[in-house]
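Student: Got a predicted structure here, sequence first:
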Amino acid sequence: MLKTIKTQIMNLEERLRQAMLASDVSVLNELLAPEIIITSHLGELLRKEDDLAAHESGLIRIHELKPSEQQIQIYKEMAIVSVRMQLSGSYNGSPANGDFRFTRVWAVSKNGTWHIVAAHIGMVA
């Protein structure tokens, strides 16, 4: 059972990565919970609408997103993911490149699908 859930989360993480690369707002909308809490690498608190708008408007453009060091812990109907990402892209027209660590909390929604309820992004020194 845990192996199956872990595989599901790994597949969802890859789907999320592809959606971020393509700024696919439809998929991002599906994967992010309506009440998600996002803490950016600058310590800003963001809502789902903020993240979707940044992708939709082109404010954020991600050209490369290489994952490494992924860890997944399962707790009943919740999964915590920590993944290191080498990112290259732009934010508001300025280069945004670096090594980041993403922590995401996935939870099962009322309709039985997984979505992200919390996310934190930190720069790796």
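Tutor: Yes, it's here.

Student: Buried residues in the helix or strand where Asp99 lies, which are they?
Tutor: Taking DSSP states H and E as the criterion, Asp99 maps to strand 94-108. The neighbour-count check on strand 94-108 (16 or more other C-beta atoms under 10 Å) flags Ala96, Phe100, Phe102, Arg104, Val105, Trp106 as buried. (Each C-beta comes from the backbone N, C-alpha and C, glycine too.)

Student: and which of the residues you listed is nearest Ile37?
Tutor: Val105 (9.1 Å; C-beta to C-beta).

Student: Is the closest one in contact with His115, as I believe?
Tutor: No. Applying C-beta atoms under 8 Å as the test, Val105 and His115 come out as separate, 10.0 Å apart.

Student: just checking, next helix/strand downstream of the longest helix belonging to the chain?
Tutor: Longest helix in the chain, counting residues (DSSP state H): helix 2-22. Later in the chain than helix 2-22, the nearest helix or strand by DSSP H and E is helix 25-31.

Student: which regions of this protein lie under the pLDDT threshold?
Tutor: Scanning the chain with the threshold set as pLDDT under 70 gives 1-2.
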